[in-house]
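Peer 1: Return atomic coordinates for the entry below.
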Amino acid sequence: MSMDKETLTKELIALVADEGMVDVSDIAPEKRLEDLDIQSADFVMILMAIEEKYDVYISVDNELSEVETVQDLLDLVITKIEEAQAA
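Peer 2: Predicted coordinates:
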């Protein structure tokens, strides 16, 4: 299930919008997640959806402590998906 980064980024943004109950037009890479009013419960739902759809595991404790913007989240998730595909 290999796909290019652009397609993956669009899918992930749509997923974040859907699960985080945010208008997709409000989501920009430089936007801080807290500025999008994505609460921790929404964030957990976003991660669960990503894990389910792409069959990757993201550690909430370690890896997410550095995530502040949409781009941070995209970079982390895309890296995880690429690692999973390469394995």
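Peer 1: use CA for all of it now, contacts and neighbours both
Peer 2: OK.
Peer 1: May I see the buried residues of the helix or strand harbouring residue 52?
Peer 2: Per DSSP states H and E: residue 52 is located in helix 40-54. By 16 or more other CA atoms under 10 Å, the buried positions in helix 40-54 come out as 42-43, 45-51, 54.
Peer 1: quick one: low-confidence ranges for this structure?
Peer 2: In the predicted model of the chain, residues 1-2 satisfy pLDDT under 70.
Peer 1: what about residue 69, neighbour count?
Peer 2: 19 (other CA atoms under 10 Å).
Peer 1: same thing with residue 3?
Peer 2: 8.
Peer 1: so who does the residue nearest to residue 43 when sequence neighbours are not counted touch?
Peer 2: Counting by CA to CA, 6 or more residues apart in numbering, residue 20 is the residue found nearest to residue 43 once chain neighbours are left out, at 6.7 Å. Residues near residue 20 by CA atoms under 8 Å, 6 or more residues apart in numbering: 38-39, 42-43, 45-46.
Peer 1: And residue 20, how far from residue 32?
Peer 2: The spacing between residue 20 and residue 32, counted by CA to CA, to the nearest Å, is 13 Å.
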